[in-house]
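J.: Sequence first, predicted model second:
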Amino acid sequence: KLVNLAVVGATGMVGRTILEVLKDRDFPINNLYLFSSKKSAGQKVEFMGKEYVVEELNEESFDRDIDIALFSAGGTISEKFAPIASKKGVTVIDNSSFWRMNDDIPLIVPEVNGEDAFKNDGIIANPNCSTIQSVVPLRPLHDKYKIKRIIYNTYQAVSGSGVKGVADLENGTCENYPYSIAKNCLPHIDSFLDNGYTKEEMKMIEETQKILNDDSIKVTATTVRVPIKNSHAVSVNLEFEKPFEIEDIFELLKNADGVVVQDDIKNLIYPLEETANGKDEVFVGRIRRDFSVDNGINFWCVADNIRKGAATNTVQIAELIASRL
Ligand code: 2RA
């Protein structure tokens, strides 16, 4: 069935990338509607040889035949308009963090818990970018060896902060960060909470447990902004309940859905941001046993935080929903 699709936040960095991914994946579109804030309304966007005029989002925007709406316009817009759209029969796939930890809202990474996408009442949440790339490799490992504990250390590109973050790196300014991101790694993404963690760190902790549907997994995280333009890297340390052979870990990762293993240290092969940029897979390397515990491993993963971390994951969820329309 061809899909009547809306993109809310169509002129932003993720919104524009969603359009690229829709084209790359030949998503089956019947009618396409593009929405934005008042500021960006009226812009003309070319998509698949047709010109579209971006409309200002309002309460009547979904009073037309729309099957699926992809939101990437911030939490305030999602809080107000996702319920309006879903009440009119639209399935909303939301990139903001607003709905992610709501018990009734599925939080989906198709390679990990795709089936849960169908248990929705009209709103599906897309996880945080650094969470998405970190959990993609975990499905087969958790299924076979049961993950007991996860330690995340992230190295996050400035594109995660949008165009202002990129400008600060390129111009050496401090518009978007408290200190120069051109000269520092900043262990501070999003705001600090009373427990001493940042919201970004708590997102990785809570979202991982929800996506793997296992609150028994102990998770901790340190999320760091680094002077890289695009693509996030994450150092992942896992401790399993069960013993394993490292050769089997390699095999499971090589066969994991959505993963490309780049691990040949003799030839200095390991994941890099410049090879992950523009791609939709999660690149995994530096796979090795963690000798400091009984059943532990370390690995390094890199992914394009705007594509797999946001736009592509959103479109993959839309493909799942479209398959059952
Ligand atoms: C960041 N993960 O990188 C957050 C939101 N995109 O800033």
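T.: Looks like it arrived, so ask away.

J.: going forward, measure contacts between C-alpha atoms and count neighbours the same way
T.: Will do.

J.: How about residue 307: what's its closest non-neighbour residue?
T.: residue 280 (6.0 Å; CA to CA, 6 or more residues apart in numbering).

J.: check contacts around that neighbour.
T.: 258, 303, 304, 307, 308, 312 (CA atoms under 8 Å, 6 or more residues apart in numbering).

J.: Is the fourth one in contact with residue 278, as I believe?
T.: So that's residue 307. Yes - counting by CA atoms under 8 Å, residue 278 is a contact partner of residue 307 at 6.9 Å.

J.: Look at these two and report which has more neighbours.
T.: Remark: of residue 307 and residue 278, residue 307 carries more neighbours, 25 against 18, as counted by other CA atoms under 10 Å.

J.: Those residues of the protein touching the ligand, which are they?
T.: Counting by CA under 6 Å from any ligand atom, the positions of the chain adjacent to the ligand are 128, 129, 130, 156, 160, 161.

J.: Can you tell me the element the residue nearest to residue 307 falls in?
T.: Assigned by DSSP states H and E, residue 280 belongs to neither a helix nor a strand.

J.: repeat for residue 166
T.: Since the elements are taken from DSSP H and E, residue 166 ends up inside helix 163-171.

J.: go on, residue 142?
T.: Taking DSSP H and E as the criterion, residue 142 maps to helix 138-145.

J.: How about residue 194?
T.: Mapping residue 194 onto the secondary structure by DSSP H and E places it in no helix or strand at all.

J.: distance of it from residue 141?
T.: Applying CA to CA, to the nearest Å, the value for residue 194 to residue 141 is 33 Å.

J.: So if I had to pick from the two, which one is more boxed in?
T.: Legend: neighbour count by other CA under 10 Å for residue 194 and residue 141, higher for residue 141 (17 against 6).

J.: returning to that earlier point: return the member of the contacts of residue 280 nearest to residue 135.
T.: Proximity of these to residue 135, judged by CA to CA, is greatest for residue 258, which lies at 10.6 Å.

J.: my guess is residue 229 meets residue 161, correct?
T.: No - with contact defined as CA under 8 Å, residue 229 does not reach residue 161; the gap is 10.2 Å.

J.: neighbour count winner among those two?
T.: Between residue 229 and residue 161, counted using other CA under 10 Å, the more crowded position is residue 229 (19 against 16).

J.: Kindly indicate whether that one is helix, strand or coil.
T.: Reduced to three states with DSSP: H, G, I helix; E, B strand; the rest coil, the structure at residue 229 is coil.

J.: mind checking how far the residue of the chain found nearest the ligand is from residue 55?
T.: For the chain, the residue positioned closest to the ligand under CA to the nearest ligand atom is residue 160, at a distance of 3.4 Å. When distances are taken as CA to CA, residue 160 and residue 55 turn out to be 25 Å apart.

J.: for residue 268, same thing?
T.: Shown here: residue 268 relative to residue 55, a distance of 49 Å by CA to CA.

J.: ditto for residue 106
T.: Counting by CA to CA, the gap from residue 106 to residue 55 is 28 Å.

J.: Looking at the two, which is more packed in?
T.: Shown here are residue 106 and residue 55; by other CA under 10 Å, residue 106 has more neighbours (28 against 20).

J.: which residues does the more buried one contact?
T.: 100, 116, 117, 119, 120, 123, 124, 125.

J.: Any quick ChimeraX command for the buried ones out of the residues you listed?
T.: Those of these that count as buried under 16 or more other CA atoms under 10 Å are selected in ChimeraX with:
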select :100,116,117,123,124,125
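
J.: which residues of the protein score low on pLDDT?
T.: Judged by pLDDT under 70, the chain has no weakly predicted residues.

J.: follow-up on the earlier one: and the residue nearest to residue 307, how close does it get to residue 316?
T.: In this structure, residue 280 and residue 316 are separated by 10 Å, where distance is defined by CA to CA.

J.: Could you list everything residue 239 pairs with in the sheet?
T.: Each beta-bridge partner of residue 239 is listed here: residue 149, residue 296, as defined by DSSP bridges.

J.: these two touch, right, residue 314 and residue 127?
T.: No - in this structure, residue 314 sits apart from residue 127 without contact. The criterion is CA under 8 Å, and the distance is 9.2 Å.

J.: Residue 257 against residue 110, yeah?
T.: No - with contact defined as CA under 8 Å, residue 257 does not reach residue 110; the gap is 9.3 Å.
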